[in-house]
Every structure is written in C-alpha cells, then in structure tokens.
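Trainee: I'll drop the sequence and a predicted model, then ask my questions.
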Amino acid sequence: METAQLLQELQSFGNEHNRAGMSRFGINTENAYGVSIPIIRAIAKRYKRDHSLALELWNTGIHEARLLAVFVEEPKQVSVNQMEVWVKDFNSWDLCDQTCGNLFIKTPVAYQKAVEWTYRSEEFVKRAGFSMMAYLAVHDKKATDNTFLELFPHIEREAKDSRNYVKKAVNWALRQIGKRTTFLRSEAIELASRIKEQPFTSARWIASDALRELQKKSLVAQE
C-alpha cells in the first residue's frame, strides 16, 4: 500500500511541461511522470533507509519511483546481484548517474564494478562504470593517487567509444580524477595528450575538452 501511495503522490507532482523539459535534456520519459529531483529528494527525507521499500519502488519501472528508490535504499544492504539487476535497467543518463553517485559508490565493490562495467557493451552500463569513477574521485577522500592511476587504462581504452553518453562519462571521469591532486592533474594531462593522438573523433573530443579544463591557470592557482 505504501508503494502505491507514493506512486500517487509522485504522479500528483508530475506534469507534461516537466516531461517535455526532461526530454529536451535527453532524459527518457517513456515511464516518467515529470517530477523534479528536489521534490523526489524532499519525499525521500520523510523516510528512513528502507531496503524493502527501495526494491518495491524500483520494480515499478516508473522513472521517478526508481530515483526515489535510490534515495531511500540502505547502501549496506545492496548486494552485488542487486547492482547487476539495477544497472541493466538503466535507460537514461540521470537514473544512471543518480544511482551511481548516491548509492553504488557507497558499496564495498564500487571500484570493482566501476572497472567491470567499462568492459560491457550496453551504453548506460558502460556509462555507469565511468560515472562511478567520476563520483569516487570527488567523494572518496581516503583513496590514494594510485587507486585512480589504476583507472587510467580503462579511460584510455574506451575513449574510442563514440556513443554520446559514454564519451561524456569518459571525459567526466578523466577531468574529475585530474582535479583531485596536483600529481593526478599532471598524469591526467599526459593521458589526455595520448588520447588526443588516437584516430577517433570521440577520443579527440574527450582529450581536447579535458585539457581545456585541466590546463586552466585558475585550476593551478587553487592547488
């Protein structure tokens, strides 16, 4: 009953104007009500972490219900099998990134899955791998530089993928890792320079955009 009531509440906040806006930003609205993230987060705050509720919400297949599931899920109860099931359901960049950044990076297998998913062929699964890398670079304050250096071969390997949501995530991961420390910035610039020499349009875009940010004088001044 709680899940049904939440679906009704979510639907009450949705409208066609919001759905149209989501669509313009490349969000899949096939099963979406058109509810903004701030409203979904506000609803989630009323609940304690609830694994069972999260599973029920996700299984509805409704876009906003799945986002709500991410915010109410208990990271400690997320199994590897659940991660694999959910990642296969990703059909939009926002669902991918919200799930990775708010939930999956908090699991013990975050780095393992980040790497594994970069080898997968599905566009949003592969994006999830690089999205995880980007979020971990920002939020995992205890990780060493070497932890992120080990991710560089995967960034270099997949720079050839021309699919929009993959190449943007590869670029994102490279930039966020590079902004983490002075040492990693230097290494990321070197990596980007190598990627730029690849005979792929996507690789040249990824590298040029990353270099434009990583070589900014303002970025150096902040260190």
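Mentor: That came through fine. Numbering: from 1, shown residues only.

Trainee: what helix or strand is Q176 on?
Mentor: helix 164-178 (DSSP states H and E).

Trainee: which strands and helices sit next to that helix?
Mentor: Secondary-structure packing of helix 164-178 (3 or more Cβ pairs under 8 Å, 6 or more residues apart in numbering; DSSP states H and E): helix 123-139, helix 152-158, helix 182-196, helix 201-214. For every residue, glycine as well, the C-beta is placed using N, CA and C.

Trainee: Put the alpha carbons of it into CSV.
Mentor: Extracted as CSV, the C-alpha positions of helix 164-178 are listed here (Å, rounded to 0.1, in the frame of the first residue of the first chain):
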residue,chain,number,x,y,z
ASN,A,164,27.2,10.3,-26.6
TYR,A,165,26.6,9.1,-23.0
VAL,A,166,29.7,7.0,-22.9
LYS,A,167,32.2,9.5,-24.3
LYS,A,168,30.8,12.3,-22.0
ALA,A,169,31.3,10.0,-19.0
VAL,A,170,34.8,9.0,-20.0
ASN,A,171,35.6,12.7,-20.3
TRP,A,172,34.0,13.4,-16.9
ALA,A,173,36.0,10.7,-15.2
LEU,A,174,39.2,12.0,-16.7
ARG,A,175,38.5,15.5,-15.6
GLN,A,176,37.4,14.7,-12.1
ILE,A,177,40.4,12.4,-11.4
GLY,A,178,42.7,15.1,-12.8
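
Trainee: in that helix, what counts as buried?
Mentor: By 16 or more other Cβ atoms under 10 Å, the buried positions in helix 164-178 come out as 165-178.

Trainee: How about stretch 137-145?
Mentor: 137, 140.

Trainee: quick check, distance from it to the centre of its chain.
Mentor: Taking the mean C-alpha point of stretch 137-145 and that of its whole chain, the gap between them comes to 16 Å (Cα atoms, centre = their mean, to the nearest Å).
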